[in-house]
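1. Sequence plus the predicted model coming up.
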Amino acid sequence: MSAFSPLLIICYDPEERLNLSTLASGLGYPDAQIVVGGISDAIAALNSRAVSPDYLIIDIADKSSEVFADLDELSLHCEPKVRVVVIGSVNDINFYRELRARGVSEYCARPAKVSDLRNVLLQSGHESAHSAPAAKKGTVISCMSAASGDGASTMAVNLAYCLAEEFDQPTLLIDMDYQFGLIAKSLDLNAPFGIRELFDFPERGVDDLLVEKMLVRYGKNLSIIGSPHELRQLPMIRPELIRDLISLLRTKFSYVILDIPHIWTGWTSASVTYSDHVVIVAQLWLRSLTHSSRLLAIWQAIGISENSISLIINRSGAKFKEAITVQDFERITHNKIEAFLSNDIKSVVSAESKGKTLFEIGQNILLQQQIRQFTQSILARKGADGKRSGNSQMSGGRINLLTFLGKKSG
C-alpha cells in the first residue's frame, strides 16, 4: 500500500479490508493506502502523506450526529479537491443532508457493496474530468483477448469499422497495446504520434489539441489512435489518465473502441472499469477457458455487470478438434457465449496483407455477417433514445442512500 496513491481508505472493520482492497484494485488503484481505524487515523494518514489523495473513503460504523465535529476537524486537513465518501449504518435523510452540506460526495449503507462504492467513485471521476450533457456522451467498448492471440484486435478493428462505415456512427478506435500493437500497421496507416503522446508525456494532461494530434482518419466516420512502431519500455501509466482520456473522448465520438492488451494492471483495469461494455474474445481451448474464468471473476468482483460483458468465441468450427465444448465453457465461466466467429483464416490474412478490414475485401464473407450481427446487438443495447446502458447504476449520485432508506422505511 502506498502513501502516494490517489485513493486513501479508512477501514473501521478489519474484516472489510479485503473487500475494500478488491474495490481499489478494480478501480485501477492496487497500491491504494488502506488504514484500519477512525477519523483520527484518517487525519494522521493525511498529515503523513507527501501528496494529498484524490479520493478518501471513510467508514464511520454506527456513529451518527456525533461524527459531525470529527468531520469538521477532518475538513481542516483535506485539500478542497479531495472527494470524500462516507460509509455508515445510520438510516436518516437529515443525517445524509448534513453530510452533503459538509462537502461529503456520497454516503453509502454499511456494509458497503463493492458495486455501490465503485459507482460513486466513477461518478466523481466523470464529474471532475471533461464532462458534457448526457445526450452527447458516447459509448465506450473495451475488447480484450482471454489468452494472447485469441483475436481481440481483429474484433476491435472490424467492430469499429462496421460501426463507423456501415452504421454511420462517428467512431474512434484506440490501440492501447503500447508495446506490440499493430492496428495502424495492419491498416497501412502512418501514425507518427498515437497513444505514445499521452503515455510518454502524462504531465501534459488530456485536451482537445492532444486528441487531434494523436488520431488519424480512416474513412468518413472512423478515426484511429495507433501505438508506437518501435518497441519501447512500457511507461508508468496512472489510472486517472485513462479516466480523463475516456471522459473527453465520450464527448467527441458516438463510439470509442479500446483494444486492450492481454495484461492486467491498474491502467488496463481502469480501461475496463470506465467502459460501458466489455468484449472478451476467446477460443474453445483450455488456456482461453482458464484465463476467461479469471478475468470474468475479477470483473464481477469489481462490480461490472454481467449484462455489460459479451463473451465471443473466435475461430469457431476449426478443422482441429476443439478441446472444450460450448457447454463446458459456459458452465465453468458462468457466462453465456454471445457470438461465434468462424475460423476463416484466409479472409483475415487477405485483409491484413491488403491493409484493409474484412468489410473492404469483398462481399458475402461469413465473418462480415457475424461481426455485423454483433454490431447490431451493440447498437440495440444503446437504445433508440441514445441512452448508454453501461455499468453505472447511479442517478444524480444519490441512489445509494435512497435505496437504503427505502428498504428500511417501507
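-> Ah, there it is. Numbers count the residues shown, from 1 in each chain.

2. For Leu8, list each beta-bridge partner.
-> When bridges are called by DSSP bridges, Leu8 pairs up with Gln33, Leu56.

3. just Val216 next, same as before
-> Ile224.

4. same thing with Leu311?
-> Ile280, Ile337.

5. Counting neighbours, what do you get for it?
-> When counting by other Cβ atoms under 10 Å, one arrives at 22 neighbours for Leu311. All C-beta atoms are positioned from the backbone trio N, CA, C, and that covers glycine.

6. Kindly report the same for the one 5 residues further on.
-> For Ser316, the number of neighbouring residues by other Cβ under 10 Å comes to 18.

7. Number the chain from 24, please
-> From this message on, residue numbering opens at 24, which makes the last subject Ser339.

8. Quick check: it touching Asn366?
-> Yes - taking Cβ atoms under 8 Å as the definition, Ser339 is a contact partner of Asn366 at 6.2 Å.

9. those helices in the stretch 224-373 of the chain, which residues are they?
-> With DSSP state H, counting those that start in this stretch, the ranges of helices along the stretch 224-373 of the chain come out as 231-237, 262-273, 289-296, 309-324, 349-356, 368-377.

10. Dump the ones you listed into a markdown table; add mean pLDDT and distance to Cys101 as well.
-> What follows is the helices of the stretch 224-373 of the chain, written out as a markdown table (pLDDT from 0 to 100; distance: least, Cβ to Cβ, whole Å):
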| stretch | mean pLDDT | distance to Cys101 |
| --- | --- | --- |
| helix 231-237 | 93 | 30 |
| helix 262-273 | 88 | 18 |
| helix 289-296 | 88 | 24 |
| helix 309-324 | 92 | 29 |
| helix 349-356 | 95 | 43 |
| helix 368-377 | 92 | 53 |
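
11. out of these, which comes closest to Glu188?
-> For Glu188, the closest of the helices of the stretch 224-373 of the chain is helix 368-377, at 14.2 Å, according to Cβ to Cβ.

12. Sort out which residues of whatever helix or strand comes next after the closest one are buried, please.
-> Proceeding N to C from helix 368-377, the next assigned helix or strand is helix 389-405, under DSSP states H and E. Across helix 389-405, burial judged by 16 or more other Cβ atoms under 10 Å covers Leu390, Gln391, Gln393, Ile394, Arg395, Phe397, Thr398, Ile401, Leu402, Arg404, Lys405.

13. now stretch 103-118
-> The neighbour-count check on stretch 103-118 (16+ other Cβ under 10 Å) flags Val105, Arg106, Val107, Val108, Val109, Ile110, Gly111, Val113, Phe118 as buried.

14. In the stretch 124-273 of the chain, where is pLDDT below threshold?
-> 136-159 (pLDDT under 70).

15. Break down it into its strands, ranges please.
-> 129-132, 162-168, 194-198, 239-241, 245-248 (DSSP state E, counting those that start in this stretch).

16. hmm, back to that, could I get the helices of the stretch 224-373 of the chain in CSV, plus columns for distance to Ala187 and mean neighbour count?
-> As requested, the helices of the stretch 224-373 of the chain are exported to CSV (distance: least, Cβ to Cβ, whole Å; neighbours: other Cβ atoms under 10 Å):
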stretch, distance to Ala187, mean neighbour count
helix 231-237, 17, 15
helix 262-273, 14, 23
helix 289-296, 20, 24
helix 309-324, 27, 18
helix 349-356, 31, 15
helix 368-377, 16, 14
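
17. Which among those is found nearest to Asp200?
-> Closest approach to Asp200 among the helices of the stretch 224-373 of the chain (Cβ to Cβ): helix 289-296, 10.0 Å.

18. quick one: the closest one to helix 309-324, angle?
-> Going by axes from the mean of the first three to the mean of the last three Cα atoms, to 10 degrees, helix 289-296 is angled at 70 degrees with respect to helix 309-324.

19. now for helix 289-296, which elements pack on it?
-> helix 40-49, strand 162-168, helix 262-273, strand 278-283 (3 or more Cβ pairs under 8 Å, 6 or more residues apart in numbering; DSSP states H and E).

20. how about His314, what does it touch?
-> By Cβ atoms under 8 Å, 6 or more residues apart in numbering, the residues touching His314 are Ala169, Ala170, Ala305.

21. Kindly report the same for Leu31.
-> Leu31 makes contacts with Ala55, Gln56, Val58, Ala65, Ala68, Leu69, Arg72, Pro76, Tyr78, Leu79, Ile80, as judged by Cβ under 8 Å, 6+ apart.

22. any idea how far it lies from Ser298?
-> Leu31 is 25 Å from Ser298, where distance means Cβ to Cβ, to the nearest Å.
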